[in-house]
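Trainee: pasting the sequence and the predicted model now:
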Amino acid sequence: MLPAHHSQADDDAYLDYLQSPLQPLADNLEGSMYETFESDPVKYARYQEAVRLYLSRKIVERVVIMVLGAGRGPLVAACLAAAEQTQRNVYIYAVEKNASAVITLRNRRDREPWKQRVKVKTPSSASNAQGRRSPRVCS
């Protein structure tokens, strides 16, 4: 809901100006930006449907899914819902670089029935076989 002092004139002031594009790989997004993304139910419904279609065609015992840029978890939830619909066993790596979003992801994992099916990773928590830090590779 918009604040009481918000008006159409506030929105109109930005209509004729180019806005800087988001740089989620370089900058951490604020919570309000995640709220904006998450308010688009069509995107998540289509994502869930795409995962459901994929899972319905796979004939394997277990599918591993990596959600890169997992945000606060709606894509993870969509994957889990698709797994339930298809009665498939999935394990999900939810990779997120934004520390605030990682806190929310971990809370959801612990609070919702994700615990045994979702591993939350940050790029800095991944390491290669030699034990050296590898900021771009998740294991």
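Mentor: Sure thing, it's come through.
Trainee: mind listing what's buried in the helix or strand where Y54 lies?
Mentor: Y54 belongs to helix 41-57 when assigned by DSSP states H and E. Residues of helix 41-57 classed as buried: Y44, Y47, Q48, V51, R52, L55 (neighbour count, 16 or more other C-beta atoms under 10 Å). For glycine as for every other residue, the C-beta is placed from the backbone atoms N, C-alpha and C.
Trainee: packing partners for the helix or strand just after that helix?
Mentor: Along the chain past helix 41-57, the next helix or strand (assigned with DSSP H and E) turns out to be strand 62-68. Using 3 or more C-beta pairs under 8 Å, 6 or more residues apart in numbering; DSSP states H and E as the contact definition, the elements that strand 62-68 packs against are helix 74-86, strand 89-95.
Trainee: using JSON lines, lay out those together with mean neighbour count, distance to D16 and mean pLDDT.
Mentor: JSON lines is the format used below for the helices and strands packed on strand 62-68 (neighbours: other C-beta atoms under 10 Å; distance: least, C-beta to C-beta, whole Å; pLDDT from 0 to 100):
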{"stretch": "helix 74-86", "mean neighbour count": "20", "distance to D16": "32", "mean pLDDT": "96"}
{"stretch": "strand 89-95", "mean neighbour count": "19", "distance to D16": "38", "mean pLDDT": "95"}
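Trainee: using CSV, please lay out the buried residues of helix 41-57 together with pLDDT.
Mentor: What follows is the buried residues of helix 41-57, written out as CSV (pLDDT from 0 to 100):
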residue, pLDDT
Y44, 92
Y47, 94
Q48, 97
V51, 96
R52, 96
L55, 95
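Trainee: which two among the residues you listed are spaced furthest apart?
Mentor: Considering C-beta to C-beta, no two members of those lie farther apart than Y44 and L55, which are separated by 16.1 Å.
Trainee: good, wrapping up.
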